[in-house]
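> Predicted coordinates and the sequence they were generated for:
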Amino acid sequence: MLFGMGIHLTSDEEAVLKDIVHPAYAVCGLTNDYFSFDREWSEREAMRKDSVAPEPMKNSVWLCMGWYSLSAEAAKEMVKRETIKYEDEFNAKRRAFEEANPAHSENIRKCLDGVAQMVVGNVAWSLQCPRYRPELRYDANAAVENLFLQSKTPKLGDVEAACASHESQRYAGHATTGEYGVVAAAPATKKQFRKSLDAIAGSMMSEAVSSKLLADVVTAPFEWCASLPSKNVRSSLIDAFTIWFPVSRSAKDRIQTIGHLLHNASLLLDDIGDGSHLRRGQPTAHKIFGVPETINSANFAILEAMEKVSELPAPSFTVCATEMRKLFIGQGHDLLWARQHKCPSEAEYFEMIDGKTGGLFHLLIGLLMCNSTTREAQSCAQIRVHKLLTSLGRLFQVRDDYQNLVCPAYASQKGFCEDLDEGKFSYPVVCALGQTEKDVSMLRNILANPREGGCLSDELKRLALKQLVSSRSLEKSRITIMRLHSEVEKTIGEVEDMLQTPNWILRLLVKKLAVEDIDSQL
């Protein structure tokens, strides 16, 4: 809040405000517990139905149920009463301070006003957000379908029908007994209960302090990479495939996080292996933090991802380990070919891409499928989905290789023809060097040229680009993109027919990968 309002408190001002705003922090924490309990309970019950042992809930409503053997509704009412008491306490302390200190600083006035609005805003948001009020959620697939077809907005009845399919299950007012995990050492008095609630507010500041070392030292390179602008293709892909393979919200959140961690960790390692200087128009992490720290940060992110995978049902770990192995093997061949100046065949190139690029696609959607509530649909469509993901991975990489050489906007993000700097065998280069009827010896010599400072000169890159044009390898790359795009669209249609469910989110995502989209950037 202070950052958003541009307020910088002195140490003296912080000391003055500490006791006044403490009850307001408790209000925010308890308000969140009150409104989120229904959702947390339904997710907990879903895990139990999936034979996954849920961890104890970190929610004051659940604690009250265990401490006082209350029903969920009675415990919520208790938390509500305590929340109101904390709010009254904050207002009373604020009034007393303002009456005793009419000339207090402008910073303190702004802070107290902001805290008061934060308390009210938190309640207003909780009453309207789709997470707690699923009936207010707009169906994403319908919205994208309208955009894709440029048709009119759905009628209210259509929206209501879509929302109904996402309705969250409620806890049905169960009382917490030993079966659900009664909290040990329940407080015997209301004073002890209030003290335990004070701890909830106090933890808001202690968590920030305890995590400072981790954020500053281990995750800094990762956070730098993750903070750079991104199209979030993998996140969008997960959103699209949940239309076919729905999962619980908690499972989807974990899979999204796994994708975020693994993707950015792979970018950190790729940039080091490729000797890249730019990532999305900014210096790469290893140029800022150094190679050792960046490798450590990437490895830590992979460890965090595997921890998230372990929270999913058992088949998830096997899926993740299998695809991660393919990913590293694919990346290893890409690096080896560049170091040895050995050009792969087109078949070898695609096999490498199926692991390096397609591996993460297969991993994330594989996690969705083995956690889906429609496993019978998954089994009948598994072969087609595998084909779809393989074609999508190939389309994504060939398109990226082509853009790297022809697109000015891409050059501003990664540098002019950066793939040539890395000495890697991108698809246009593989196509050119694989020809026998063309003399491409000049291109071979350029690619084998020693790189001063890790880069080829712009003059050599322009000459290499001229060779790629004359060998018609850029034209072949463009044709391949169109062919792969058609394959992907055709396979989407086949899966839609098998599952009897259109997927407009995925169709829109694939539409943006068409070669015409590259043309618009030239």
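Structure's in. What do you need? Numbering: from 1, shown residues only.
> Neighbours of the closest residue to Arg478 other than its chain neighbours, how many?
Spatial nearest neighbour of Arg478, excluding adjacent residues (C-beta to C-beta, 6 or more residues apart in numbering): Val515 at 5.8 Å. The C-beta positions use only the backbone N, C-alpha and C, and glycine is treated the same way. Val515 is flanked by 17 other residues according to other C-beta atoms under 10 Å.
> try Ser470
Neighbour tally, Ser470, other C-beta under 10 Å: 15.
> how much space between it and Ala432?
Ser470 sits 9 Å away from Ala432 when distances are taken as C-beta to C-beta, to the nearest Å.
> Repeat that for Lys93.
In terms of C-beta to C-beta, Lys93 sits 74 Å off from Ala432.
> Settle this for me: the residue nearest to Arg478 is touching Ser477, isn't it.
No: applying C-beta atoms under 8 Å as the test, Val515 and Ser477 come out as separate, 9.5 Å apart.
> Quick check: which ranges of the stretch 101-250 of the chain have low pLDDT?
Per-residue confidence for the stretch 101-250 of the chain (pLDDT under 70) gives these ranges: 135-216.
> Can you pull the poorly scored residue ranges out of this protein?
50-54, 135-216, 375-379, 409-415, 436-438, 450-454, 517-522.
> can you list the domain ranges for it.
As recorded under automatic domain parsing, the domains making up the chain are 2-133+190-210, 221-519.
> Quick one: distance of the first one to the chain centre.
Just to be clear, that refers to domain 2-133+190-210. 27 Å (C-alpha atoms, centre = their mean, to the nearest Å).
> likewise stretch 343-353?
29 Å.
> follow-up on the earlier one: and the domains of the chain, which is most packed in?
domain 221-519 (a mean of 18; mean count of other C-beta atoms under 10 Å).
> Any idea how far it is from the middle of the chain?
Centroid separation between domain 221-519 and its chain, computed with C-alpha atoms, centre = their mean, is 16 Å.
> Gln467 and Cys343, how far apart?
14 Å.
> hang on, the earlier thing: residues contacting the residue nearest to Arg478?
Val515 makes contact with 399, 478, 481-482, 485, according to C-beta atoms under 8 Å, 6 or more residues apart in numbering.
> pretty sure Ala72 contacts Trp41?
Yes: shown here, Ala72 and Trp41 form a contact pair, counting by C-beta under 8 Å, at 7.0 Å.
> in what helix or strand does the closest residue in space to Asn91 that isn't next to it in sequence lie?
Spatial nearest neighbour of Asn91, chain neighbours left out: Ala116 (8.0 Å); criterion: C-beta to C-beta, 6+ apart. Here Ala116 sits within helix 106-128, counting by DSSP states H and E.
> which other helices and strands contact that helix?
Judged by 3 or more C-beta pairs under 8 Å, 6 or more residues apart in numbering; DSSP states H and E, helix 106-128 is in contact with helix 2-5, helix 11-49, helix 72-100.
> which helices and strands does the second one pack with?
To tie it back to what came earlier, the one meant is helix 11-49. helix 60-68, helix 72-100, helix 106-128, helix 190-210, helix 249-274.
> Rebuild those helices as CSV, extending it with distance to Glu418.
CSV is the format used below for those (distance: least, C-beta to C-beta, whole Å):
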stretch, distance to Glu418
helix 60-68, 52
helix 72-100, 55
helix 106-128, 43
helix 190-210, 38
helix 249-274, 8
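> among these, which is nearest Leu2?
Leu2 lies closest, by C-beta to C-beta, to one member of those: helix 106-128, at 7.0 Å.
> What's the end-to-end length of stretch 275-288?
13 Å (C-alpha to C-alpha, to the nearest Å).
> Once you drop chain neighbours, what's closest to Val119?
Val27 (5.1 Å).
> how far away is that neighbour from Lys85?
Distance from Val27 to Lys85, by C-beta to C-beta: 9 Å.
> All the helices of the stretch 301-450 of the chain, in order from the start?
315-340, 346-356, 358-370, 375-406, 408-414, 418-422, 427-433, 441-447 (DSSP state H, counting those that start in this stretch).
> and of those helices, who's closest to Ala305?
helix 315-340 (8.0 Å).
> residues contacting the residue sitting furthest away from the middle of the chain?
Ranked by distance from the centre of the chain (C-alpha atoms, centre = their mean), the top residue is Ala100, with 48.8 Å. Shown in contact with Ala100 (C-beta under 8 Å, 6+ apart): no residues.
> Next: Ile108.
Here Ile108 is in contact with 13, 16-17 (criterion: C-beta under 8 Å, 6+ apart).
> one more time with 6 Å
Counting by C-beta atoms under 6 Å, 6 or more residues apart in numbering, Ile108 makes contact with Glu13.
> One more: Met352?
330, 333-334.
> would TSV of these with distance to Arg48 be doable?
Formatted as TSV, the contacts of Met352 follow (distance: C-beta to C-beta, whole Å):
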residue	distance to Arg48
Gly330	39
His333	44
Asp334	44
